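S.K.: attaching a predicted model along with its sequence, questions to come.
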Amino acid sequence: MTDAPAVAIVGMSGRFPGARDVAEFWANLRHGVCSIADFGEEELLADGVPADELRHPGYVPSKGFLADADRFEHELFGFGAAEARALDPQLRQLLETAWSALEDAGHDPRAAPDRTGVYVGGEPSDHALAAQLDPGLRARLGPMQVRMFTDREFMAGWLSYRLNLTGPSLTVQTACSTSLATVHMAVQALLLSECDLALAGGVSIDTPYKRGYLYEPGGIFSPDGRCRPFDEKAAGTVGGNGVGLVVLKRLEDALADGDPIYAVVRGTALSNDGAGRVGFTAPGVDGQTAAIVEAWAAAGLEPADARFLEAHGTGTDLGDRIEVAAAAAAFAGASGCAIGSVKSNVGHLNAAAGVTGLIKAALMLRHRTMVPTVNVTRPHPDLDLDSTPFHLLTTTTEWAPLAAGPRLAGVSSLGIGGTNVHVVLSEPPAPA
């Protein structure tokens, strides 16, 4: 095993479509559950979808829906009722998830260690826009207060303030790769001793209400409300809402303190495609390959030893082809590596997508179990997976050990705008 400095995942918490917590999320993954919801006409009308939009022939009534996304224990965090109504549901969910993540790591959420850092990001939301334009709310609370309760710029600051966390506090935005970018930044801060404990992750709640979407031929969204990454029937992605946070600590400190460890972050890297792509929203092969190669080099490990890649995997034609090409170049010499994407289970959680994939991979390593990508049967012929190190995993299987060294996995997240992130994970060390 490499002697490169590493970071332990010592706590986690999340709320995902079909799962109120990480335990339910893992059960769904193990059983191959697709948690994308299909809504009926009456419930969509009741939640405010216009009838003419709903009856449009291209309307798809499906989403990775997060139940109770608007609920909040406001008194616990010191907010009055009017303030809580103004507070963006994303901030509500981040605060509660941060509380439970710190508890999962064995810390009193109101007495976390000194120099606990916060690295989070979120989405633009319908709630924020409506609140900032609401004249009654602005008159009652004041324009500046409404902005502080709703603007994602203040997400990290609210967590640090309400939980008295005194380390670095940054709100990070890199579109779909936001939450894995926060993990990269938190890992770097820990290794540079800028903090001793860190919360990292993201949230995506565009609206807490039930919504579908309009399918447009040639667009990124699926025509049937299902995401099939790398499959022969892959035709696009499906949106979703969720929140996830991990608690990170230097591995040497976690071992010295006897912390339970989910997985070990061995290396991370972040890159951008620059102008090397056909358009601003298009991905680029070279930038993705560079992020993967740099992360494994930082870990002092060989990609050839990886047995699982949690891919960005949106199920779009261009995205899947470029991601497989980039990963195959980076993993040259590897074989027998499964590839998958949690988007098939819960949809594309946007700013929370990367940390959701990270939590999935960490749970797989902790339980030594590989879980399937759902809604898939055979790889898309254009991907030519047989000539790559990768194969689709469609059943739950035991994760067999390597002949030497720990089980290893890679996690990728790619953002519109070209920011690519890759994280190298290994299974936790045996407890003393």
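M.R.: Right, received. Where do you want to start?
S.K.: what mean pLDDT does the helix or strand harbouring Ala8 get?
M.R.: Assigning secondary structure by DSSP states H and E places Ala8 in strand 7-15. For strand 7-15, the per-residue pLDDT values average out at 98.
S.K.: mind checking how far it is from the chain centre?
M.R.: Mean C-alpha position of strand 7-15 versus that of the full chain (CA atoms, centre = their mean, to the nearest Å) differs by 12 Å.
S.K.: name the next helix or strand downstream of it, please.
M.R.: As assigned by DSSP H and E, the chain's next helix or strand after strand 7-15 is helix 22-30.
S.K.: so what's Met12 bridging to?
M.R.: Met12 has these beta-bridge partners by DSSP bridges: Val246.
S.K.: can you pull the domain assignment for the chain?
M.R.: 7-256, 269-426 (the TED database).
S.K.: now for Leu76, how many residues are close by?
M.R.: Close neighbours of Leu76, defined as other CB atoms under 10 Å, add up to 13. Any C-beta I mention is one placed from the backbone N, CA and C, and that applies to glycine too.
S.K.: next up, the contacts around it.
M.R.: Residues in contact with Leu76 (CB atoms under 8 Å, 6 or more residues apart in numbering) are Trp99.
S.K.: distance of it from Gly201?
M.R.: Distance of Leu76 to Gly201, computed by CB to CB, to the nearest Å: 20 Å.
S.K.: circling back to that earlier point, so which of the domains of the chain is nearest Ala263?
M.R.: For the domains of the chain, the distance to Ala263 is smallest for domain 269-426, at 3.8 Å, taking CB to CB.
S.K.: endpoint to endpoint, that closest one covers what distance?
M.R.: 16 Å (CA to CA, to the nearest Å).
S.K.: that one - what's its average pLDDT?
M.R.: In this model, domain 269-426 has a mean pLDDT of 95.
S.K.: quick one: which of the domains of the chain is nearest Ala432?
M.R.: Using CB to CB, the nearest of the domains of the chain to Ala432 is domain 7-256, at 7.8 Å.
S.K.: Tyr119 pairs with what?
M.R.: Following DSSP bridges, Tyr119 is listed with bridge partners Leu170, Ala200.
S.K.: which stretches of the stretch 301-432 of the chain form helices?
M.R.: 317-330, 343-346, 353-367 (DSSP state H, counting those that start in this stretch).
S.K.: oh sorry, the question was meant for the stretch 1-150 of the chain
M.R.: Applying DSSP H, counting those that start in this stretch to the stretch 1-150 of the chain gives helices spanning 22-30, 41-46, 51-54, 81-86, 89-104, 126-132, 135-141, 143-150.
S.K.: to Ala4, which of the ones you listed lies closest?
M.R.: Evaluated over the helices of the stretch 1-150 of the chain, closeness to Ala4 peaks at helix 89-104, with 25.6 Å, by CB to CB.
S.K.: want to throw the helices of the stretch 1-150 of the chain into JSON lines with mean neighbour count?
M.R.: Compiled in JSON lines, the helices of the stretch 1-150 of the chain are given as follows (neighbours: other CB atoms under 10 Å):
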{"stretch": "helix 22-30", "mean neighbour count": "19"}
{"stretch": "helix 41-46", "mean neighbour count": "13"}
{"stretch": "helix 51-54", "mean neighbour count": "12"}
{"stretch": "helix 81-86", "mean neighbour count": "16"}
{"stretch": "helix 89-104", "mean neighbour count": "24"}
{"stretch": "helix 126-132", "mean neighbour count": "18"}
{"stretch": "helix 135-141", "mean neighbour count": "14"}
{"stretch": "helix 143-150", "mean neighbour count": "17"}
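S.K.: distance to Ala263 for the domains of the chain - can I get that in JSON lines?
M.R.: Below are the domains of the chain laid out as JSON lines (distance: least, CB to CB, whole Å):
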{"stretch": "domain 7-256", "distance to Ala263": "5"}
{"stretch": "domain 269-426", "distance to Ala263": "4"}
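S.K.: before we move on, what SS does Lys249 have?
M.R.: Under DSSP: H, G, I helix; E, B strand; the rest coil, Lys249 falls in the strand class.
S.K.: out of the helices of the stretch 301-432 of the chain, deepest packed?
M.R.: A comparison of the helices of the stretch 301-432 of the chain by mean neighbour count, using mean count of other CB atoms under 10 Å, puts helix 343-346 on top with a mean of 28.
S.K.: alpha carbons of that helix, as PDB, please.
M.R.: Extracted in PDB, the C-alpha atoms of helix 343-346 (Å, rounded to 0.1, in the frame of the first residue of the first chain):
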ATOM      1  CA  LYS A 343     -28.200   8.000 -11.600                       C
ATOM      2  CA  SER A 344     -30.000   4.800 -12.700                       C
ATOM      3  CA  ASN A 345     -31.300   4.500  -9.200                       C
ATOM      4  CA  VAL A 346     -32.200   8.000  -8.100                       C
END
